[in-house]
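Visitor: the sequence and its predicted three-dimensional model are supplied below.
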Amino acid sequence: MKRLLVLVAAAGALAGCGPVKSTSHLLDAEVQIQAARTAGAEKLAPYEWTAANLYIVAFGVSWGPVMWVLLGEMFPNGFRGAALAIAGATNWATNFIVTVTFLPMVNAVGLAGAYVLYAIAAVVSLRFVWTAVRETKGKTLEQM
């Protein structure tokens, strides 16, 4: 069940990146005023908002909570505690890196470029889950 949830959510995150990438020029500060005056800009804004939130919701129902469950299942009992500590620290360090590099990345490649990178991450996660994550429904912790 967890595998299916992460697969569906990774696909949802990928689906959310496309519309945001294609209309992200509406959120760039330099053209925001002109875009607001453009006839089609007001019509596209709800789609972009929905797509961006689809990406966030897809992450929030999958990788956000499921990652912690998967980590608990993937390490043998003998060193599960130490492995979870390292994996948790790595997760928080990565979150920190994403947070502090987001604005410089948007300034360098624009919001569209940022969402392209997020789309690439969604494709990588989709492929990773499809090939490497096994379903564990009905198995005990020792069987995994």
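Guide: On my side now, so go ahead. Residues are numbered from 1 along each chain as shown.
Visitor: report the buried residues of the helix or strand containing residue 71.
Guide: The secondary structure element spanning residue 71 is helix 63-74 (assigned by DSSP states H and E). Neighbour counts over helix 63-74 (16 or more other CB atoms under 10 Å) mark 63, 66, 70-71, 74 as buried. Yep, even glycine has a C-beta here, placed from its N, CA and C like the rest.
Visitor: next: stretch 123-134.
Guide: 125-126, 129, 133.
Visitor: circling back to that earlier point, show residues contacting the helix holding residue 71.
Guide: If you take CB atoms under 8 Å, 6 or more residues apart in numbering as the criterion, helix 63-74 is touched by 2, 5-6, 9-10, 80, 83-84, 87-88, 91, 125, 133, 136, 141, 144.
Visitor: can you add distance to residue 97 and give the buried residues of helix 63-74 back as a markdown table?
Guide: As requested, the buried residues of helix 63-74 are arranged in a markdown table below (distance: CB to CB, whole Å):
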| residue | distance to residue 97 |
| --- | --- |
| 63 | 16 |
| 66 | 21 |
| 70 | 21 |
| 71 | 19 |
| 74 | 23 |
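Visitor: of the residues you listed, closest to residue 95?
Guide: When the buried residues of helix 63-74 are compared for distance to residue 95 (CB to CB), residue 63 comes out closest, at 11.3 Å.
Visitor: among the buried residues of helix 63-74, show me the least confident.
Guide: Comparing pLDDT over the buried residues of helix 63-74, residue 63 scores lowest. The value there is 77.
Visitor: ok, now how distant is that one from residue 105?
Guide: When distance is defined by CB to CB, to the nearest Å, residue 63 is 20 Å away from residue 105.
Visitor: ok, residue 98 next?
Guide: As judged by CB to CB, residue 98 and residue 105 stand 9 Å apart.
Visitor: between these two, which is the more surrounded one?
Guide: Between residue 98 and residue 105, counting by other CB atoms under 10 Å, residue 105 is the more crowded of the two (15 against 12).
Visitor: tell me the SS of the more buried one?
Guide: Under DSSP: H, G, I helix; E, B strand; the rest coil, the three-state class of residue 105 is helix.
Visitor: now the most centrally placed residue in the chain, nearest residue through space, not along the chain?
Guide: Using CA atoms, centre = their mean, the residue of the chain that lies closest to the mean C-alpha position is residue 59, 4.9 Å off. Using CB to CB, 6 or more residues apart in numbering and skipping the chain neighbours, the partner closest in space to residue 59 is residue 13 (5.8 Å).
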